[in-house]
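**Q** requesting a structural model of the entry that follows:
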Amino acid sequence: MKKLLSFIVAFTLVLSMTACGKESGGQDSGKETVEVKDSLEILTKVWESYTEENKFPVTGGDYTNMTDNAPGKFDVTDKESLRSLLVVPEDGAELIDDGASMIHMMNANTFTGAAFHVKDAADVKTFEDSLKEAVLNNQWMCGFPEKLVLCQLGEQYVVSAFGNGEMIEYFKTQLQEQYPGVTVVAEESLV
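**A** Now for the predicted structure:
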């Protein structure tokens, strides 16, 4: 009886939230205006929310601007580094103007996370599709990542992470807690 009552209450809440979304213009919550300074702020906020037991040796940034034990700013004009470290294809690299990364120090295939600012909101879907396709078709070395997740934050930020399934799930949970309006646009198994 308690389970049935709980189900009815949960169902009613879901319906009321859906109705509220429609009354407010039916906006997708992931595309609400989000006040974010830059891509680095997103990853830093997520990383700082990690519990000590869930943290791992991490490096941020790119080959010329590395940061130890924290996310770092990524030079998005360096298309080769974007491709080799974050699996961003050249056509996708043309669409972004800001980026940040956090990568497992021992093996990038264990965890690679990134945040990107897409220059034009009209190109966000194109960038997401391009990045997803590149990760799904990448030729991996030194082991295979298990899972990919792509999220959209606001109208112009895209957050990606691939690697160990549990680590990706934890990252996604922390991202959703720090930015409740984030939308998961893709979640794919890579094995």
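**Q** show the contacting residues for Leu175.
**A** 42, 46, 151, 153, 159, 182 (C-beta atoms under 8 Å, 6 or more residues apart in numbering). Glycine gets a C-beta too; all of them are placed from N, C-alpha and C.
**Q** how about the strands in this protein?
**A** Using DSSP state E, the strands assigned to the chain run over residues 58-61, 66-68, 72-74, 96-104, 111-118, 147-153, 157-163, 183-189.
**Q** lowest average confidence, helix or strand, in this protein?
**A** helix 2-23 (a mean of 35; mean pLDDT, DSSP states H and E).
**Q** Gln156 versus Val185, what's the distance?
**A** Here the criterion is C-beta to C-beta, to the nearest Å. By it, Val185 lies 13 Å from Gln156.
**Q** more neighbours: those two, which one.
**A** Using other C-beta atoms under 10 Å as the criterion, Val185 and Gln156 rank with Gln156 on top: 22 against 18.
**Q** can you pull the contacts of the more buried one?
**A** Here Gln156 is in contact with 117-121, 124 (C-beta under 8 Å, 6+ apart).
**Q** returning to what we had before: go through the strands of the chain and name the closest to Lys172.
**A** Lys172 sits nearest to strand 147-153 of all the strands of the chain, at 5.1 Å, using C-beta to C-beta.
**Q** quick one, the closest one and strand 111-118 angle?
**A** 30 degrees (axes from the mean of the first three to the mean of the last three C-alpha atoms, to 10 degrees).
**Q** next one: strand 147-153 to chain centre, how far?
**A** Its chain's C-alpha centre lies 4 Å from the corresponding centre of strand 147-153 when counted by C-alpha atoms, centre = their mean, to the nearest Å.
**Q** which helices and strands does it pack with?
**A** Using 3 or more C-beta pairs under 8 Å, 6 or more residues apart in numbering; DSSP states H and E, the elements in contact with strand 147-153 are helix 124-136, strand 157-163, helix 165-178, strand 183-189.
**Q** dead centre of this protein: give me the residue that sits there.
**A** Centre of the chain computed as the mean C-alpha position; nearest residue by C-alpha atoms, centre = their mean is Val159, 2.6 Å away.
**Q** drop anything exposed from the contacts of Gln156.
**A** Buried residues within the contacts of Gln156, counting neighbours by 16 or more other C-beta atoms under 10 Å: 117-118, 124.
**Q** since we're on Asp68, how many residues are nearby?
**A** 11.
**Q** can you check Ala122 too?
**A** 11.
**Q** and the gap between it and Leu95?
**A** 10 Å.
**Q** residue contacts, the closest residue to Tyr50 other than its chain neighbours?
**A** The shortest distance from Tyr50 to any non-neighbouring residue, by C-beta to C-beta, 6 or more residues apart in numbering, is to Gln174 (6.3 Å). Under the criterion of C-beta under 8 Å, 6+ apart, the neighbours of Gln174 are 46, 49-50.
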